[in-house]
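Asker: Next comes the sequence, and after it the predicted model I'd like to discuss.
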Amino acid sequence: MRARRAVLALLCGGALSGCLGSVPLRPRAYDEAVRVESVAVDFRPDGSGVLDVALEVTNPASEAATVAAVDFELRVDGRKVATGAQQVATALGPDAKLPLRVLFPLASEPATGAGVAEAAPRTVLVRGGVVLRFGGTERRAPFQDARRLTLAFVPPPRGPDSD
């Protein structure tokens, strides 16, 4: 009876782990698969800017994957100032790590008025996810990072979406 249960458990475990990108016995593997190495934000008074994010992406699965996309939300002092996504096509071997640097262009309304405020330290929160593709299956590995950065300019709030 005990041997029958062991064989049944082995078969069920094998069937469940057969999905591409699955990580049996490690339910939080994708929550820990992306680490933020660095963040830089540069808003310009002319409305241009860039978000520079350096990530370390780990493939927690035993199958090769493709890093397919990176999405983000950027908040400065608690206010959402930008969201976006970028397609990526980078191979990532089984149980491998990959440094990934993504530059997101930022656009805002040009500054108006009597000048631009001086540079000041601000709380910057960037969160998002990296999409790993295993054949036809996609898994999203989230990331989040908060830090104090000195920013020379931050776009003014605009409309009801800027919470």
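Answerer: Sure thing, it's come through.
Asker: Check which element follows the lowest-mean-pLDDT helix or strand in the chain along the chain.
Answerer: Within the chain, no helix or strand scores below helix 2-16, which has a mean of 45 by mean pLDDT, DSSP states H and E. Downstream of helix 2-16, the first helix or strand assigned by DSSP states H and E is strand 34-43.
Asker: Stretch 133-149: which residues count as buried?
Answerer: Across stretch 133-149, burial judged by 16 or more other C-beta atoms under 10 Å covers 133-134, 139, 141, 143, 145. In this view, the C-beta of every residue, glycine as well, is placed from N, C-alpha and C.
Asker: Can you report how many residues lie near residue 29?
Answerer: 18 (other C-beta atoms under 10 Å).
Asker: Let me know the distance separating it from residue 132.
Answerer: To residue 132, residue 29 is 11 Å away according to C-beta to C-beta, to the nearest Å.
Asker: so what sits against both of those two?
Answerer: By C-beta atoms under 8 Å, 6 or more residues apart in numbering, residue 29 and residue 132 have these common neighbours: residue 61.
Asker: ranges for the strands of the chain?
Answerer: Taking DSSP state E as the criterion, the chain carries its strands at 34-43, 48-58, 65-76, 79-92, 97-107, 120-134, 137-151.
Asker: how close does the residue nearest the centre of the chain sit to residue 135?
Answerer: Centroid check for the chain by C-alpha atoms, centre = their mean gives residue 129 as the closest residue, at 3.1 Å. Look at residue 129 and residue 135: by C-beta to C-beta, they are 19 Å apart.
Asker: One more: residue 37?
Answerer: Taking C-beta to C-beta, one finds residue 37 at 28 Å from residue 135.
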